[in-house]
Each structure stands twice: as structure tokens, then as C-alpha cells.
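K.L.:
No letters, just coordinates:
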């Protein structure tokens, strides 16, 4: 559960960066001031944030490959940023557990997205996982 919260923090920071060009450091600090995250999970969350932002162009290109009917800018900001975090974890994170990353992304999509978010996120992440094998 604590890793999910770390992933949720990463999603929230990416969402803020995406929507209002927030500074990721400030957004992360703000979340930590107003919510609890175990010390052991802070590093993991920050790794997801920094890695996702560093590889954003590659991740978005991969998303675009599989979301044929949706340009990256047309899809829901919630869905887009959940996929970005999990996509980073699948494609680039050294200690990745891709199936866990996808499962956690689906739970976050159910919490923050709309009725179709989980299915959409799952479809894209399954294709990214298949391509990364």
C-alpha cells in the first residue's frame, strides 16, 4: 500500500507539472507537507517523478504508438499522467515490477479517473509492457 501512495504522489506531481507547469520540487514538497509518505517510499516516489520527466518524450511517443485514436494532448490529463508514471516504471526503472506497476496504475485510475480510465490505462500499459519484453 505504501508503494501505491508513492506512485500516487508521483502521479500528482506529474499532473501538476503537466497542467500548470509546476516546479516538481515544490509540488513534491507541498504534498509531503500536507500528506504522510513513509521515508522509505519518498526516494522511490522522487525517482518516478524525475525519471518520468527525464524520459517524457520517449514515454509520450510510446503512448502515442498505442493510443491511435487519441493524441497525447486529447486524452484525459489524469489518464495521461498515470500512464506516464507507470510507463516510465515499465520502460526504464531498473528495479521494475511491471505487473505491479500496471495493477497500481489501475487502482490510481479508478480513484482519480472516470468510468473508462482503468480500461484505457490498462490497454495502453499492456501494449507498452508487451513491446518492452
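P.N.:
Sure, I can see it. None of these values were measured; they are calculated from a predicted model.
K.L.:
Please, which helix or strand holds the residue located most distally from the centre of the chain?
P.N.:
Farthest-out residue of the chain from its mean C-alpha position, per Cα atoms, centre = their mean: residue 33, at 21.1 Å. In this assignment (DSSP states H and E), residue 33 forms part of helix 24-34.
K.L.:
Residue 3 now?
P.N.:
Going by DSSP H and E, residue 3 is in helix 2-20.
K.L.:
now for that helix, which elements pack on it?
P.N.:
Applying 3 or more Cβ pairs under 8 Å, 6 or more residues apart in numbering; DSSP states H and E, we find helix 2-20 packed against helix 24-34, helix 39-54, helix 77-91, helix 98-112. Yep, even glycine has a C-beta here, placed from its N, CA and C like the rest.
K.L.:
Skipping adjacent residues, who's closest to residue 106 in space?
P.N.:
Residue nearest to residue 106 in three dimensions, not counting chain neighbours: residue 118, with 4.9 Å by Cβ to Cβ, 6 or more residues apart in numbering.
K.L.:
Is the one you found in contact with residue 109, as I believe?
P.N.:
Yes. Contact criterion Cβ atoms under 8 Å: residue 118 and residue 109 qualify, at 4.5 Å.
K.L.:
The two - which one has more neighbours?
P.N.:
Counted by other Cβ atoms under 10 Å, residue 118 and residue 109 do not tie: residue 109 has more neighbours, with 25 against 19.
K.L.:
Distance-wise, check the more buried one relative to residue 21.
P.N.:
With distances taken as Cβ to Cβ, to the nearest Å, residue 109 is found 23 Å from residue 21.
K.L.:
same thing with residue 49?
P.N.:
Taking Cβ to Cβ, one finds residue 49 at 15 Å from residue 21.
K.L.:
Look at these two and report which has more neighbours.
P.N.:
Using other Cβ under 10 Å as the criterion, residue 49 and residue 21 rank with residue 49 on top: 24 against 7.
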